[in-house]
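> Got a predicted structure here, sequence first:
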Amino acid sequence: MKHESKILPQYMEIDGWIEKLLNCQQLTENEVKSLVGKAREILENEVNVQPVRCPVTVCGDIHGQFHDLMELFCIGGKPPDTNYLFMGDYVDRGYNSVE
């Protein structure tokens, strides 16, 4: 199932990265740097408290475990079709972690 974009044209590149990650393919170093830059740009302009649209699936600590994240999406549905609220501990150390 192909991810359909509902975002601004300047972020369309992100859809390709999402597709790669959903297919368990690694991003290049330059792609990661660009992604982090875009995420920083977005986060710097957002307020600390965000409204959450219901219904929402609340998730505990995933400790950066990519395969656990993919399993959550497999069971609960992929964003943006399902809203998720992650409660922290997004990164961890380890072989299968996203650092």
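Nice, I can see it.
> Do you have the strands of the chain handy? List them.
57-59, 84-86 (DSSP state E).
> okay if I get those as TSV plus mean neighbour count, distance to residue 24 and mean pLDDT?
(Each C-beta comes from the backbone N, C-alpha and C, glycine too.) Listed next are the strands of the chain as TSV, based on neighbours: other Cβ atoms under 10 Å; distance: least, Cβ to Cβ, whole Å; pLDDT from 0 to 100:
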stretch	mean neighbour count	distance to residue 24	mean pLDDT
strand 57-59	13	20	91
strand 84-86	14	19	89
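> Just send the ones you listed back as JSON lines, with distance to residue 25 too.
Listed next are the strands of the chain as JSON lines, based on distance: least, Cβ to Cβ, whole Å:
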{"stretch": "strand 57-59", "distance to residue 25": "23"}
{"stretch": "strand 84-86", "distance to residue 25": "22"}
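> Which one of those strands lies nearest to residue 49?
strand 84-86 (12.4 Å; Cβ to Cβ).
> The closest one pairs with which strands?
In the sheet, strand 84-86 lines up against strand 57-59 (parallel) (DSSP bridges).
> How about residues contacting the partner strand?
Applying Cβ atoms under 8 Å, 6 or more residues apart in numbering, the contact partners of strand 57-59 are 72, 76, 82-87.
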